[in-house]
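Trainee: pasting the structure only:
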């Protein structure tokens, strides 16, 4: 059994937070001991060697840029020494391009990393995880996901980003020129509607995470291509506009979409206070909730958001490193979930959407 983690800010973590994804967790923690950094919180919790050892076979590797006028919400840090911030579309473009180049170089210099921009790439990575394959040659497939569309200078430029490997795009983080977002209510803008038309030409995957409710519902109703929420929780568990309403979850399911549960503690309880314990059973409760709401196990997966400078202090008490993701399956197994159910939730559902959206 493998895990598809559909949301990781790996390039941002390397560039803004000086965390080297190639290192083991133990080595990162050793080097960080006693050293403060304005963009890091808590002990390092992930690294490529540990992720592969934990059977995390695919990640949604993000291009994530922060607007300079961002006003912190939900306990997030203000922009202290953020290298990946922008005030103009050109600046957003340049920062995202730098992050994309990071992934390209990471894959070029490491045989255990492969950028996945086709079904052929997907199958090649899966082959390294087959029974009998050499464990030393296992690969982590990275699907490039743009979080917040401002790096796309104008809708017609999406094709250029697609040619360079972007296969998933979310219009929003906070407000962008394309749509309302978290704590920035609003619909898709006219530019946003044009962007979705451009994306549809390539059958690109649209990520509705962080969209404001009005923009989210319009996208779910109108976008003809594959749909996911790479990292979002049910609003019933954390009643803020960062998460999906029951109506949005049901419409996502009607479109055969998948939502990846995001593990940040502040996203698991309304008015969560730092230090307040969150445990794995809360995550299992959410899996149950989505399965019951949609009548199927087809629409839930994992999207940890386990980067962006955030370490162990930011995640539920049961999680110290990425290896602890398997505690979710243990909790679900105790509730009677079958191995086939668990395989769908940990990887099968998102693999289905990737097959749907990736070109041959």
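Mentor: Okay, I see it. Quantities reported herein were computed from a predicted structural model and do not represent experimental measurements.
Trainee: buried set for stretch 19-34?
Mentor: Residues of stretch 19-34 classed as buried: 19, 21, 23, 24, 25, 28, 29, 32 (neighbour count, 16 or more other C-beta atoms under 10 Å). No exception for glycine: its C-beta is placed from N, CA and C like everyone else's.
Trainee: And for stretch 3-19?
Mentor: In stretch 3-19, counting by 16+ other C-beta under 10 Å, buried: 3-17, 19.
Trainee: Of these, which belong to strands?
Mentor: 3, 4, 5, 6, 7, 8 (DSSP state E).
Trainee: Next, work out how far apart the last one and residue 304 are.
Mentor: Separation of residue 8 from residue 304 (C-beta to C-beta, to the nearest Å): 7 Å.
Trainee: quick one on the thing from earlier: from the buried residues of stretch 19-34, which ones fall inside helices?
Mentor: Judged by DSSP state H, those include 25, 28, 29, 32 as members of helices.
Trainee: So among those, where is pLDDT lowest?
Mentor: Lowest pLDDT within those is found at residue 32 (82).
Trainee: what's near enough to touch the residue nearest to that one when sequence neighbours are not counted?
Mentor: Among residues not flanking residue 32 along the chain, residue 44 sits closest, at 6.2 Å (C-beta to C-beta, 6 or more residues apart in numbering). Residues near residue 44 by C-beta atoms under 8 Å, 6 or more residues apart in numbering: 19, 25, 28, 29, 32, 311.
Trainee: Now do the strands in the stretch 101-250 of the chain.
Mentor: Under the criterion DSSP state E, counting those that start in this stretch, the stretch 101-250 of the chain contains strands at 113-115, 140-147, 166-170, 179-181, 184-188, 205-207, 227-229.
Trainee: Determine the longest helix present in this protein.
Mentor: When the chain is parsed with DSSP H, its longest helix is helix 89-109.
Trainee: now that one and strand 166-170, what's the angle there?
Mentor: Relative orientation of helix 89-109 versus strand 166-170 (axes from the mean of the first three to the mean of the last three C-alpha atoms, to 10 degrees): 140 degrees.
Trainee: how much distance is there from helix 89-109 to the middle of the chain?
Mentor: In terms of C-alpha atoms, centre = their mean, to the nearest Å, the centre of helix 89-109 is found 17 Å from the chain centre.
Trainee: before we move on, what about stretch 268-281?
Mentor: The answer for stretch 268-281 is 20 Å, by C-alpha atoms, centre = their mean.
Trainee: buried residues in that stretch?
Mentor: Of the residues in stretch 268-281, those buried (16+ other C-beta under 10 Å) are 268, 272, 278, 280.
Trainee: For it, which outside residues touch it?
Mentor: Residues from elsewhere that reach stretch 268-281 (C-beta under 8 Å, 6+ apart): 75, 233, 237-240, 265-266, 282-283, 316-319, 327-328, 330-331.
Trainee: With stretch 352-360 instead?
Mentor: Here stretch 352-360 has contacts from 4, 58, 116-122, 143, 167-168, 202-205, 225-228, 257-258, 298, using C-beta under 8 Å, 6+ apart.
Trainee: mind listing the helices in the protein by residue range?
Mentor: 10-17, 25-32, 48-53, 89-109, 119-127, 158-163, 190-201, 213-222, 246-254, 280-294, 326-334, 339-343, 349-357.
Trainee: Deepest-packed of these, please.
Mentor: helix 10-17 (a mean of 24; mean count of other C-beta atoms under 10 Å).
Trainee: so that one versus helix 89-109, what angle?
Mentor: Using the same axes, to 10 degrees: helix 10-17 against helix 89-109 is 110 degrees.
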